[in-house]
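Participant: okay, predicted coordinates and the sequence, questions at the end:
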Amino acid sequence: MRIAHVVYECEPGHFIGGVQKMVYELAHAQAARGDVVEILTVGDHPVLQLAANLKIRYFPGQFHWGSSALCEMLFREHGRFDVIHSHNTFLPLNRFVAATARRFSKRVFFNAHGALDPLLLSGWNTKALKKRIYNACFERPNLNIARGVIGLTGEECRQLQRFGVKVPIYELANGIGLQTAPTAEETKQFRGRLGLGDPIPLVVFVGRISRKKNIHLLIEAMNTVLATVPDARLVICGNRGMEPDYTVILDELIVQHQLGPVVHWAGFLDEAGKRGALGSARVFAHPSESEGMALAILEAMSFGVPAVVTPGCYMQRATAAGALKEVAPEPRAIGSAIADLIRNEIQHAQMSRTAAAYVRSEHSWKVLAERLDGIYRDQPEASVIFKNNSVDPTAGSVGKKAFMTNDPAQPAGTAGRPARELFDSIATTWEDKYHEDGSMNHRRQRFCSVLHQYAPPKGRLLDFGCASGDLSATFSHAGYRVSGVDQAPAMIERARIRFAPVGIEFKLLKPEEQQGIVLPFADEEFSAVVASSVAEYLVPISTYLQEWNRVAKPGATLLVTVPNPLHPLRWLESIEIFFSRFSRTPAAKQSDRIRYLMTSVNRAGSGTWRKLLADAGWTWVDAEGWFHPLLLVVAQKYPGKSR
């Protein structure tokens, strides 16, 4: 097969990011199996002939503006290639490849490389707005002209579907070129450059110095590490000039925690320098909030370096295999995991062996190149995840997604299958709403400030409808002992992955418990019950209010948010709900917003809620947010009021 890879940069030995290195190593693997491969990229270098059937061709241009010469070459020489594979999300080179596909009906494929993670596109800052506009105008049409789009993980495949990709979506992991372990001389040189002796245990981070990498959490985590491993040191490898404002924050954090002698900056590393860094590491740490599949993690694992990551790295399969340790994105959890691996020789040795073996079996470029050949050829065994915006029934368990099915025979007393399926389908992106610029982040402060007035910390708190656990974690951090429950399996799974390591209990409501009759708790266990944006879905709501009352102690506080029918947004939603009833669009094809509106059934005024609460044994105390789309209702259980 004749293959062209189009990528914005590719200078062997001096890769600035993982995408360029991934393309370079994939091309080698494809050439090794007999394909004729060209890497087309921007630069001022002569043609680099790497093998008889592999070369890099450079075209004049700029990183952000692409290359008109490369575009002209694609139009002129497209017939020389059976497949054109593009790796340039948000860059003009993707537009050039899409234009070639439109004009000449070429077989093209796109890799998003994690760049379309909803977390990176949310919020109202200038960067996020520009990306959303660019997506609407260019990126989404680009992807939908392809023969297929490739995601690095099952989660990225689901994100691509929600993004609006209608063509087949395939899962193909990142790979790495398996190399010999770093030599003693390489590690000695690296440590010597930083003035660090051999016995000192190093925690190493390699990657871009940017906010989404959560390096500030890693710096704060060193306080926990030093409590049990006082001679440990943190080495941060990356370009400090990538995001200067963030680097200033990191420097201030180091001073604030008096970690100057502990944290060492190694700067940007070429491939040789990276080998020395990874060979010197006792533990590799990567607490990123969003990754496609970081090559640095795979490289550390391939050298047998135990890694500590967070859920945003999307390494759940490796975690399940015992090849690395995944913890909540919280300094204490990160620090405790690092310290355990440094101190526990048996655990360290076992994870070291498992990590190296896992990478050899799952991330070898030889294996991945074979799989990609099947994708290029539209072979049925090629791990397609989604076709035509629906699940391919022949696909494996990864990537399957439950769609809403309207159930007019839904019995009274259930929370509603449509609601469960709706929240299952958005479980992996729900947490985005609680990030710093997310639409629900304000609820953390709003709930805690009200809670502290009525329910002092240190008591037990029930977070009913905990979703992916963000509010549960906030309450836990504020001092409450939290139990979170939810009826959506995918939500509970995300919550457990992210926050169970910090001691929060999460329970999935079983079908009989979804009737709102018996929760899996004894009478009078909780000092507070919180139900954030869940009461509107529960049918009939009275059974749930009564059950919350049963598990609440006398004097306990109930905080529940309900849609405010007086807010103009709710008026507009009422109009949307009315017209959506006449839609002929199948339920499974409806947007998440319409599915939300159709399952949000409890929309009543304050008088109705007062009566419902009183009938269930609660006393209305207050409501705040009359000018907000959501009312925050406060009620308490007084002695003698149980039902």
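Facilitator: Received, thanks.

Participant: residue contacts, Glu505?
Facilitator: When contacts are counted by Cβ atoms under 8 Å, 6 or more residues apart in numbering, Glu505 touches Val482, Ser483, Gly484. In this view, the C-beta of every residue, glycine as well, is placed from N, C-alpha and C.

Participant: is Arg443 in a helix, a strand, or coil?
Facilitator: For Arg443, the assignment made with DSSP: H, G, I helix; E, B strand; the rest coil gives helix.

Participant: ok, it touching Ser532?
Facilitator: Yes - in this structure, Arg443 sits in contact with Ser532. The criterion is Cβ atoms under 8 Å, and the distance is 6.4 Å.

Participant: in CSV, list the contacts of Glu505 along with neighbour count and pLDDT.
Facilitator: Conversion of the contacts of Glu505 to CSV gives the following (neighbours: other Cβ atoms under 10 Å; pLDDT from 0 to 100):
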residue, neighbour count, pLDDT
Val482, 28, 94
Ser483, 22, 95
Gly484, 29, 94
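
Participant: and of these, the nearest to Leu116?
Facilitator: Nearest to Leu116 out of these is Gly484 (Cβ to Cβ; 29.1 Å).

Participant: flag the shaky bits of the stretch 501-643 of the chain, pLDDT-wise.
Facilitator: 511-517, 576-601, 639-643 (pLDDT under 70).

Participant: go on, the stretch 351-500 of the chain?
Facilitator: Checking the stretch 351-500 of the chain against pLDDT under 70 turns up 379-441.

Participant: again, 80 this time
Facilitator: In the predicted model of the stretch 351-500 of the chain, residues 379-445, 456-458 satisfy pLDDT under 80.

Participant: then the stretch 51-200 of the chain?
Facilitator: Segments of the stretch 51-200 of the chain classed as low confidence (criterion: pLDDT under 80) are 63-64, 117-125, 127-128, 155, 177-180, 198.

Participant: pLDDT of stretch 333-348, averaged?
Facilitator: The average of the pLDDT scores along stretch 333-348 is 96.

Participant: quick check: buried residues in stretch 232-248?
Facilitator: Within stretch 232-248, the residues that qualify as buried are Ala232, Arg233, Leu234, Val235, Ile236, Cys237, Gly238, Arg240, Glu243, Tyr246, Thr247, counting by 16 or more other Cβ atoms under 10 Å.

Participant: how close does the third one get to Thr228?
Facilitator: To tie it back to what came earlier, the one meant is Leu234. Here the distance between Leu234 and Thr228 works out to 15 Å (Cβ to Cβ, to the nearest Å).

Participant: what's around Asn144, how many residues?
Facilitator: As a burial measure, the neighbour count of Asn144 was computed by other Cβ atoms under 10 Å and equals 14.

Participant: grab the most central residue of the protein for me.
Facilitator: A centroid search over the chain (Cα atoms, centre = their mean) returns Gly312, at 4.0 Å, as the residue closest to the centre.

Participant: from what I can see that residue touches Glu289, true?
Facilitator: Yes - because the distance of 4.3 Å satisfies Cβ under 8 Å, Gly312 is recorded as touching Glu289.

Participant: just the buried residues of stretch 232-248: which are in helices?
Facilitator: Tyr246, Thr247 (DSSP state H).

Participant: biggest separation within the buried residues of stretch 232-248, which pair?
Facilitator: Ala232 and Glu243 (26.0 Å).

Participant: domain ranges for this protein?
Facilitator: Domain assignment for the chain by automatic domain parsing gives 2-171, 184-362, 417-636.

Participant: quick one: distance of the second one to the chain centre.
Facilitator: In other words, domain 184-362. When C-alpha coordinates are averaged (Cα atoms, centre = their mean, to the nearest Å), domain 184-362 and its chain have centres 19 Å apart.

Participant: what helix or strand does Pro12 sit in?
Facilitator: Pro12 belongs to no helix or strand when elements are defined using DSSP states H and E.

Participant: number of residues surrounding the spatially closest residue to it that is not a sequence neighbour?
Facilitator: Take Pro12 and drop its neighbours on the chain: the residue closest to it by Cβ to Cβ, 6 or more residues apart in numbering is Tyr24, 6.2 Å away. Number of residues near Tyr24 (other Cβ under 10 Å) recorded here: 22.

Participant: one more: Thr561?
Facilitator: Residues within reach of Thr561, counting by other Cβ under 10 Å, total 23.

Participant: cool, Ile215 as well?
Facilitator: Using other Cβ under 10 Å, Ile215 has 27 neighbouring residues.

Participant: where's Phe475, which helix or strand?
Facilitator: With secondary structure defined by DSSP H and E, Phe475 is part of helix 470-477.

Participant: tell me what angle whichever helix or strand comes after that helix forms with helix 470-477.
Facilitator: On the C-terminal side of helix 470-477, the closest following helix or strand by DSSP H and E is strand 481-486. Angle of strand 481-486 versus helix 470-477, following axes from the mean of the first three to the mean of the last three Cα atoms, to 10 degrees, is 170 degrees.

Participant: output the contacting helices and strands for whatever helix or strand comes next after strand 481-486.
Facilitator: With elements assigned by DSSP H and E, the helix or strand that comes after strand 481-486 is helix 489-499. In this structure, helix 489-499 makes packing contacts with helix 417-425, helix 427-430, helix 470-477, strand 481-486, strand 505-508, judged by 3 or more Cβ pairs under 8 Å, 6 or more residues apart in numbering; DSSP states H and E.

Participant: hmm, 7 Å instead?
Facilitator: helix 417-425, helix 427-430, helix 470-477, strand 505-508 (3 or more Cβ pairs under 7 Å, 6 or more residues apart in numbering; DSSP states H and E).

Participant: quick one: buried residues of the last one?
Facilitator: Applying a neighbour-count criterion of 16+ other Cβ under 10 Å, one finds Glu505, Phe506, Lys507, Leu508 buried in strand 505-508.
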